[in-house]
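Enquirer: got a sequence here, can you model it:
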Amino acid sequence: MKGLVIIPTFNEKENIENIIEKVFSLNEGFHVLIVDDNSPDGTADIVKKLMLKHDGLLAIEERQGKMGLGTAYIHGFKWALERDYELVYEMDADFSHRPKDLLELRSAIIEDGGDVAIGSRYINGVNVVNWPMSRVMLSYFASMYVRIITGMKIQDTTAGFKCYRRIVLETIDLDKIKFKGYAFQIEMKFRAWKHGFNVIERPIVFTDRRVGESKMSKGIIKEAVFGVLKMKIASLFTTYKQVEK
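Expert: Predicted coordinates:
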């Protein structure tokens, strides 16, 4: 199955070439789309030079400014749906997600019959490296909070390392996704789950970025906490089409 790895970027010049080359070194036919939010550090220029080397495998979509993680992925999803990609992956640029784990996500879809594959930090204990304990606890209990509110059985509800079958993205109304920050990851899982898609978690090791700046903020946390409640309430008045497989 033809797969596209979507990597949103904002000021990732220290990481972008290495992450792209690591993905291509897997030799599994992955294509890569960079969605760059007008990075002032020249991230896009680095990608454009690499496009000459990886002709037809690497593409970039440049946006006019920093508009949020969720809108970057939705931009990438729509780009993928306009082309013949059957598998669409989300991955960070900063090596917090190991490129080799793309193969685990691919296996969960192709071999195990998943519709959504999640690279999970919490399916087998807590597999996080370089985070302070306060950040680990925040993330872990955030996932627990989401499970309680939504009823989802997913252990890592906030995970951002995922793979979707094309049909999932075609079924979810991407124009109705409300969240722009990290809560976007929760909303996408919730909608896929409500539509009856098979969600599979695979254990990964998450390593916090070594270079560059974290994009986490208090506003993102607030969106997740209160947004999940609003999302759950809205779902009580929404009908989700169950996809026949």
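
Enquirer: excluding its backbone neighbours, what's nearest Ser238?
Expert: In this structure residue 238 is Thr, not Ser. Lys194 (7.9 Å; CB to CB, 6 or more residues apart in numbering). The way it works is simple: take the backbone N, C-alpha and C, and place the C-beta from them, glycine included.

Enquirer: show me where this protein has its helices.
Expert: Remark: helices assigned in the chain by DSSP state H are 16-25, 43-53, 69-81, 102-110, 133-150, 166-171, 183-194, 218-235.

Enquirer: just the C-alphas of the fourth one, formatted as PDB.
Expert: Read it as helix 102-110. The C-alpha trace of helix 102-110 is given here as PDB (Å, rounded to 0.1, in the frame of the first residue of the first chain):
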ATOM      1  CA  LEU A 102       6.600   3.600  11.100                       C
ATOM      2  CA  LEU A 103       7.000  -0.100  10.200                       C
ATOM      3  CA  GLU A 104       5.100  -1.000  13.400                       C
ATOM      4  CA  LEU A 105       2.200   1.200  12.400                       C
ATOM      5  CA  ARG A 106       2.200  -0.200   8.900                       C
ATOM      6  CA  SER A 107       2.200  -3.700  10.300                       C
ATOM      7  CA  ALA A 108      -0.800  -2.900  12.500                       C
ATOM      8  CA  ILE A 109      -2.800  -1.900   9.500                       C
ATOM      9  CA  ILE A 110      -1.700  -4.400   6.900                       C
END
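
Enquirer: name the helices or strands packed onto it?
Expert: strand 87-90, strand 116-120, strand 162-165, strand 199-203 (3 or more CB pairs under 8 Å, 6 or more residues apart in numbering; DSSP states H and E).

Enquirer: next, format those as JSON lines and append mean neighbour count.
Expert: Output for those, formatted as JSON lines (neighbours: other CB atoms under 10 Å):
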{"stretch": "strand 87-90", "mean neighbour count": "25"}
{"stretch": "strand 116-120", "mean neighbour count": "25"}
{"stretch": "strand 162-165", "mean neighbour count": "26"}
{"stretch": "strand 199-203", "mean neighbour count": "19"}
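
Enquirer: burial measure for the residue nearest to Thr238, as a count.
Expert: Using other CB atoms under 10 Å, Lys194 is surrounded by 18 other residues.

Enquirer: equivalent analysis for Thr239, please.
Expert: By the measure other CB under 10 Å, the count of residues near Thr239 is 7.

Enquirer: what pLDDT does it get?
Expert: Note on Thr239: pLDDT of 91.

Enquirer: picking that back up, in JSON lines: the helices and strands packed on helix 102-110, plus distance to Ile46.
Expert: Output for these, formatted as JSON lines (distance: least, CB to CB, whole Å):
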{"stretch": "strand 87-90", "distance to Ile46": "21"}
{"stretch": "strand 116-120", "distance to Ile46": "25"}
{"stretch": "strand 162-165", "distance to Ile46": "25"}
{"stretch": "strand 199-203", "distance to Ile46": "30"}
